[in-house]
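> sequence? don't have it. structure:
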């Protein structure tokens, strides 16, 4: 259950203030949504208002039932990436308590506490008391030098990374960069000004930029090296596939497949091929062993555990913890299997084959 009300009272005052600012500054964004959302969820009544572009932050003002019978209204600074998406970094982005009262959390009391909170936010806005985001993304453009702060690098000694492309995604702005020293490519969505240094992470210094000619030359070199690495890996994969097929064909001559066999239990050694800046995980199979046949296609973990005893490489999976049993029998899932890590190391699983073509093992997953 939810409802919305037009702007009035303190929220209307903020809205009107920013409307006046927009009239004198065409580039200014409206700060406050003209509506307060109020709804009843599983844990009671809540109220929410979005405030945009104040001191480099978007603000999500929320009123909820809190601990020990308290109602709390607070403002969380962050970034609104769409009409329905808001993200923030806990312990980094500001969180401000606006109002708290010990009261039963009804729809009326939540609305009332929310308006008190909005009034307090309005006072802080007018008095200049709201914190400023010193790493506003408007300052970050193509050609900007960024760097990593970690256990090895700091703001004075680091590899110089140059942004060559930016794009907006559902979780905010992404920055693609090229390393001027190693010509490695990368991507990050978390970038702050060194003035707001908060520990490990990616930072930039305002005004530290390079000419287009410099970073385009580095980007060309990086893509050439990436293409060379791809071609080398592709040739290696083809060679390994050919060698694997030969071994399978030789092994098939030594194997008699039972007439009632409908599936085979196999062990696979996976290698994690994910890249640090990818938004997805990937893997490849570097080795596969055959553990036994099955006269049915049901996925039974006791059967997989028993088959794991047939090879030293996967024997440790025979008594693996229950948490290593994976049930991914859904679209894009990996099926039923036993493994510590789905993307790295050994796994045991069952794979079906065509009863009329049991020799086509090389085509099994």
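Thanks, I have the structure now. Note that the coordinates shown come from a computational prediction; the quantities given were computed from them, not determined experimentally.

> Around residue 63, count how many other residues there are.
Counted with other Cβ atoms under 10 Å, the neighbours of residue 63 add up to 30. (Each C-beta comes from the backbone N, C-alpha and C, glycine too.)

> name the element it belongs to?
strand 57-65 (DSSP states H and E).

> Quick one: mean pLDDT over that strand.
For strand 57-65, mean pLDDT rounds to 92.

> Tell me which residues are up against that strand.
43-52, 71-80, 86, 88, 93-94, 98-99, 105, 110, 113-114, 117-118, 121, 130-131, 133 (Cβ atoms under 8 Å, 6 or more residues apart in numbering).

> for stretch 175-189, same thing?
140, 146, 159-167, 169, 171-174, 191, 202, 210, 214-215, 218-219, 221-223, 225-226, 276-277.

> cutoff 6 Å now
Stretch 175-189 is touched from outside by 159-166, 172, 174, 191, 202, 218-219, 221-222, 225, 277, with contacts defined as Cβ atoms under 6 Å, 6 or more residues apart in numbering.

> What of stretch 259-269?
Contacts of stretch 259-269 (Cβ under 6 Å, 6+ apart): 285-297, 307, 311, 314, 346-348, 350-352.

> Recalculate using a threshold of 7 Å.
Applying Cβ atoms under 7 Å, 6 or more residues apart in numbering, the contact partners of stretch 259-269 are 285-297, 304, 307, 311, 313-314, 346-353, 355, 358.

> buried ones in it?
262, 263, 264, 265, 266, 267, 268, 269 (16 or more other Cβ atoms under 10 Å).

> out of the contacts of stretch 175-189, which are buried?
So, of the contacts of stretch 175-189, 160-164, 166, 172, 174, 191, 202, 218-219, 222 end up buried under the neighbour-count rule (16+ other Cβ under 10 Å).

> Identify the farthest-apart pair in those.
Greatest spatial distance among the buried ones among the contacts of stretch 175-189 (Cβ to Cβ): 172 and 218, at 25.3 Å.

> Helices of the stretch 251-365 of the chain, start to end?
301-308 (DSSP state H, counting those that start in this stretch).

> same question but for the stretch 101-250 of the chain, I mixed them up
107-126, 212-252.

> Need those in TSV (columns: mean pLDDT).
Shown next, in TSV, are the helices of the stretch 101-250 of the chain (pLDDT from 0 to 100):
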stretch	mean pLDDT
helix 107-126	92
helix 212-252	90
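
> Highest mean neighbour count across these, which stretch is it?
Most buried of those, by mean neighbour count (mean count of other Cβ atoms under 10 Å): helix 107-126, with a mean of 20.

> Would you pull up how far that helix lies from the middle of the chain?
Its chain's average C-alpha position is 33 Å from that of helix 107-126, according to Cα atoms, centre = their mean, to the nearest Å.

> Which elements pack onto that helix?
helix 10-24, strand 35-41, strand 44-54, strand 57-65, strand 70-80, strand 95-102 (3 or more Cβ pairs under 7 Å, 6 or more residues apart in numbering; DSSP states H and E).

> one step back: among the contacts of strand 57-65, name the buried ones.
For those, buried by 16+ other Cβ under 10 Å: 45-51, 71-80, 88, 93-94, 98-99, 105, 110, 113-114, 117-118, 121, 130, 133.

> For residue 106, give me its contacts.
Residue 106 neighbours (Cβ under 7 Å, 6+ apart): residue 45.

> and it, how far is that from residue 113?
Residue 106 is 10 Å from residue 113, where distance means Cβ to Cβ, to the nearest Å.

> Tabulate the buried residues of stretch 259-269 (a markdown table), appending pLDDT and distance to residue 244.
As requested, the buried residues of stretch 259-269 are arranged in a markdown table below (pLDDT from 0 to 100; distance: Cβ to Cβ, whole Å):
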| residue | pLDDT | distance to residue 244 |
| --- | --- | --- |
| 262 | 87 | 24 |
| 263 | 90 | 21 |
| 264 | 89 | 16 |
| 265 | 93 | 19 |
| 266 | 92 | 13 |
| 267 | 93 | 15 |
| 268 | 93 | 12 |
| 269 | 93 | 12 |
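
> just those residues now: which is nearest residue 231?
Nearest member of these to residue 231, counting by Cβ to Cβ, is residue 269, at 24.6 Å.
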